[in-house]
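> Need coordinates for the below:
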Amino acid sequence: MKIVIVGGVAGGATAAARLRRLDAKAEILIFERTGYISYANCGLPYYIGGVIEDREDLTLQTPESFWARFRIEARTHSDVLSVDRAAKTVRVRDLRDGREYTESYDKLILSPGAKAVRPDLPGIDLDQVFTLRTVEDTFRIRDFLDANKPRRAVVIGGGFIGLEMTENLLHAGVETTLIQRGAHVMPPLDPDMASEVHAYLRKKGVDLRLNTSFTGFEAAENGIRVLLENDCAIEADLAILSIGVAPDSALAREVGLPLGAKGSIIVDEHMRTADPDIYAVGDAVEIRRLVLNRPALVSLAGPANKQGRIAADNICGRQSSFKGALGSSVLKLFDMTIASTGLNETMARAAGIDCDKVVTFSANHATYYPGARNMTIKTVFDPKSGQILGAQIIGFDGADKRIDVLATAIQAGMTGADLAELDLAYAPPYSSAKDPVNMAGFVIENIRGGLVKQFHWDEIAGLDSAKVTLLDVRTEEEYARGCIPGFINIPLDSLRERIQELDPAKPVYVHCYSGLRSYVACRILSGHGFDCFNLSGGYRFYDQNMRDAAFDGDPRHPCGVRI
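Numbers count the residues shown, from 1 in each chain. The predicted structure is shown next:
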């Protein structure tokens with residue numbers, strides 16, 4: 001059997017290695033358009049910033065090492081121009097000398113990946129405008145930095161690559177402006193969670209411009225101008241364009257294979273296309289997003305590797321299926337960790353899914369052990385069944401561990417009650433006896449069990465202090481440092497003695513710093529007949545979001561001014 005694979009990296013290279021492990025005699029041939037058959041795609045920004053120092057460390061396999069270990073022929077700088085499905089052949093051009101030739105196949109795997117979006121705008125082809133997708137892109141940017149010693153850069157797009165490039169440009173000593181067309185960076189996050197990332201970026205010295213669209217580029221005497229709407233411009237020495245990727249599915253389209261969202265290749269659970277002899281894997285294919293159970297594009301390395309393995313299994317007669325992906329992701333931003341899995345609240349509501357959420361603030365390990373740092377966890381769940389639908393975490397050490405636990409819980413169909421009962425490893429340097437994941441489960445079950453009702457930071461402006469009691473149970477010192485307008489202060493430890501100051505006929509809306517003390521206050525008040533609501537995420541989450549809104553002059557802020 002002869003298998004031809006179009007494209008290497010995560011999907012194609014994984015499929016090739018799996019094929020060889022399953023079939024010692026098959027002829028396996030990979031065509032790769034770039035000069036690198038298998039490389040650390042996710043490590044590219046860190047070479048630009050100098051964190052990874054040796055460019056050879058980016059290369060996972062070379063054509064020579066692939067042949068030596070697997071007896072797989074990998075031809076780089078080879079562009080597959082066309083496929084003849086009837087004859088079962090591909091037409092290939094050698095990009096080094098222009099020679100074209102035909103190669104036959106018994107099974108064909110398409111792994112073309114995705115290409116960086118480059119809109120047709122003025123100045124898009126200027127030498128100082130870069131995208132980052134391949135190793136060659138990486139070297140071009142790094143060589144530009146080394147040769148020109150730029151002082152100012154603009155990064156356009158606040159997704160994974162945009163944030164990683166922002167960090168690494170700053171690490172390389174380049175002042176950086178980050179432009180985001182939408183209201184927040186990192187699309188997997190909800191806006192209220194992204195607000196913490198915004199504050200952190202600004203603290204690190206990033207000039208963050210939200211709700212800002214660019215209209216093109218133009219050459220300037222000492223660099224370029226990044227043109228913005230409303231006739232504004234930013235002077236810079238270079239720009240990184242990171243506004244997303246699109247499936248590189250031109251070959252599939254030309255041979256008549258059915259396409260899905262954004263031109264992605266439609267495959268079944270075995271990664272087989274409409275042609276039984278053609279499979280497709282990686283960033284170019286449409287898959288199903290778990291929980292939603294709807295078609296989606298998930299351009300991440302983990303799913304691509306699994307898909308390559310599954311395609312190889314089925315070609316070799318092993319029944320193997322790809323069920324879909326949660327879209328689990330994690331990103332390092334300086335010292336911060338940004339992680340998500342499953343559905344965020346925005347996605348769930350857009351899909352018409354009934355959901356609720358809790359926001360918890362928990363230390364990564366026992367607070368008495370040195371170095372404890374808190375993480376913000378937003379858990380989205382089904383209010384009827386308690387099933388976990390998604391989670392987002394902003395934190396530092398230990399955030400990656402918790403998102404993996406929550407991803408496992410979602411894929412297993414677990415509920416808040418199940419999270420509360422999880423038996424997770426505990427030692428003071430690593431966790432607490434009540435792990436942050438357990439804590440999310442406790443809060444969900446408290447709400448579903450009727451022990452407490454909650455309200456959220458964006459509902460505060462609609463509360464009428466004539467009809468409800470607004471109560472802050474933090475200490476007097478905390479209250480003096482900053483408070484929510486209209487909330488009276490009765491510290492938690494004084495509440496029992498001062499409960500007569502509250503009107504039992506009015507519902508009480510309570511908050512503390514994180515939501516824990518105010519939960520205790522709600523239990524006290526409920527025991528005395530009060531109708532009580534606890535602020536999810538506490539004062540900290542409210543203040544974080546209001547500061548973020550005020551920074552951009554957002555009308556959500558009651559003062560309507562910048563700070």
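> show me the contacts for the residue lying farthest from the centre of the chain.
Distance from the C-alpha centroid of the chain, by C-alpha atoms, centre = their mean, peaks at Gln500 (48.4 Å). Applying C-beta atoms under 8 Å, 6 or more residues apart in numbering, we find Gln500 in contact with no residue. C-beta: built from backbone N, CA, C; applies to glycine.
> go on, Ser329?
By C-beta under 8 Å, 6+ apart, the neighbours of Ser329 are Phe160, Pro188, Leu300, Ala339, Ser340, Thr341.
> State the pLDDT value of it.
What the model reports for Ser329 is a pLDDT of 95.
> Please determine how far it is located from Ile393.
For Ser329, the distance to Ile393 equals 11 Å [C-beta to C-beta, to the nearest Å].
> Quick check: neighbours shared by these two?
With contacts taken as C-beta under 8 Å, 6+ apart, Ser329 and Ile393 have Ala339, Ser340 as neighbours in common.
> circling back: sort out which of the contacts of Ser329 are in helices and list them.
Using DSSP state H, the subset of these located in helices is Phe160.
> Let me know the closest of the contacts of Ser329 to Glu221.
Phe160 (33.5 Å; C-beta to C-beta).
> out of everything not next to it in sequence, what's closest to that closest one?
Ranked by C-beta to C-beta, 6 or more residues apart in numbering and with sequence neighbours excluded, the top spatial neighbour of Phe160 is Leu331, at 5.9 Å.
> same deal with Glu103?
Val90 (5.3 Å).
> can you check Leu451 too?
Leu451's closest residue in space is Arg523 (C-beta to C-beta, 6+ apart), at 7.1 Å.
> ok so that neighbour is a helix residue?
Yes. The assignment for Arg523 is a helix, going by DSSP: H, G, I helix; E, B strand; the rest coil.
> wait, isn't it in contact with Lys453?
No. Arg523 is not in contact with Lys453 according to C-beta atoms under 8 Å; the separation is 11.8 Å.
> ok, which stretches of the stretch 451-563 of the chain are strands?
Ranges of strands in the stretch 451-563 of the chain, per DSSP state E, counting those that start in this stretch, are 453-455, 469-472, 488-489, 508-511, 532-535.
> Low-confidence bits of this protein, can you list those?
552-563 (pLDDT under 70).
> can you rerun that using 80?
38-42, 59-60, 551-563 (pLDDT under 80).
> got a list of what Ile403 touches?
Applying C-beta under 8 Å, 6+ apart, the residues contacting Ile403 are Ser328, Val330, Ala339, Ser340, Thr341, Ala391, Ile393.
> Now which of those would you call buried?
Ser328, Ala339, Ser340, Thr341, Ala391, Ile393 (16 or more other C-beta atoms under 10 Å).
> so can I have CSV of these showing distance to Ala505?
Shown next, in CSV, are the buried ones among the contacts of Ile403 (distance: C-beta to C-beta, whole Å):
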residue, distance to Ala505
Ser328, 48
Ala339, 44
Ser340, 42
Thr341, 44
Ala391, 38
Ile393, 40
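> Pull the number of nearby residues for the spatially closest residue to Asp23 that is not a sequence neighbour.
Nearest residue to Asp23 in three dimensions, chain neighbours excluded: Cys316, at 5.4 Å (C-beta to C-beta, 6+ apart). Here the number of neighbours of Cys316 (other C-beta atoms under 10 Å) works out to 17.
> got it, and Cys512?
When neighbours are defined as other C-beta under 10 Å, Cys512 has 24 of them.
> For it, give its distance to Arg33.
Cys512 sits 57 Å away from Arg33, going by C-beta to C-beta.
> Pull the contacting residues for the residue nearest to Phe160.
With contact taken as C-beta under 8 Å, 6+ apart, Leu331 is in contact with Phe160, Leu163, Glu164, Met186, Thr337, Ile338, Ala339.
> Return the residues in contact with the last one.
Counting by C-beta under 8 Å, 6+ apart, Ala339 touches Ser328, Ser329, Val330, Leu331, Gln392, Ile393, Ile394, Ala399, Asp400, Arg402, Ile403.
> What helix or strand is the closest residue to it other than its chain neighbours located in?
Leaving aside its sequence neighbours, Ala339 sits nearest to Ile403 (C-beta to C-beta, 6+ apart; 3.7 Å). Under the criterion of DSSP states H and E, Ile403 resides in helix 399-411.
> Flag every buried residue along that helix.
Ala399, Lys401, Arg402, Ile403, Val405, Leu406, Ala407, Ala409, Ile410, Gln411.
> Thr415 versus the fourth one, what's the distance?
To tie it back to what came earlier, the one meant is Ile403. Separation of Ile403 from Thr415 (C-beta to C-beta): 18 Å.
> Tell me which of the contacts of Ile403 fall in strands.
Secondary structure from DSSP state E places Val330, Ala339, Ser340, Thr341, Ala391, Ile393 of the contacts of Ile403 in strands.
> can you put these in a markdown table and add distance to Val359?
Converted to a markdown table, those look like this (distance: C-beta to C-beta, whole Å):
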| residue | distance to Val359 |
| --- | --- |
| Val330 | 19 |
| Ala339 | 15 |
| Ser340 | 14 |
| Thr341 | 16 |
| Ala391 | 11 |
| Ile393 | 11 |
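> farthest-separated two in those?
Val330 and Ala391 (11.9 Å).
> shouldn't the residue nearest to Asp23 be in contact with Lys25?
No. Counting by C-beta under 8 Å, Cys316 does not reach Lys25; the two are 11.2 Å apart.
> Around Ala301, count how many other residues there are.
17.
> Not counting sequence-adjacent ones, nearest residue to it?
Ala10 (4.9 Å).
> give me the element that neighbour is part of.
helix 9-22.
> Check which helices and strands that helix sits against.
strand 2-6, strand 27-31, strand 38-39, helix 63-70, helix 301-315 (3 or more C-beta pairs under 8 Å, 6 or more residues apart in numbering; DSSP states H and E).
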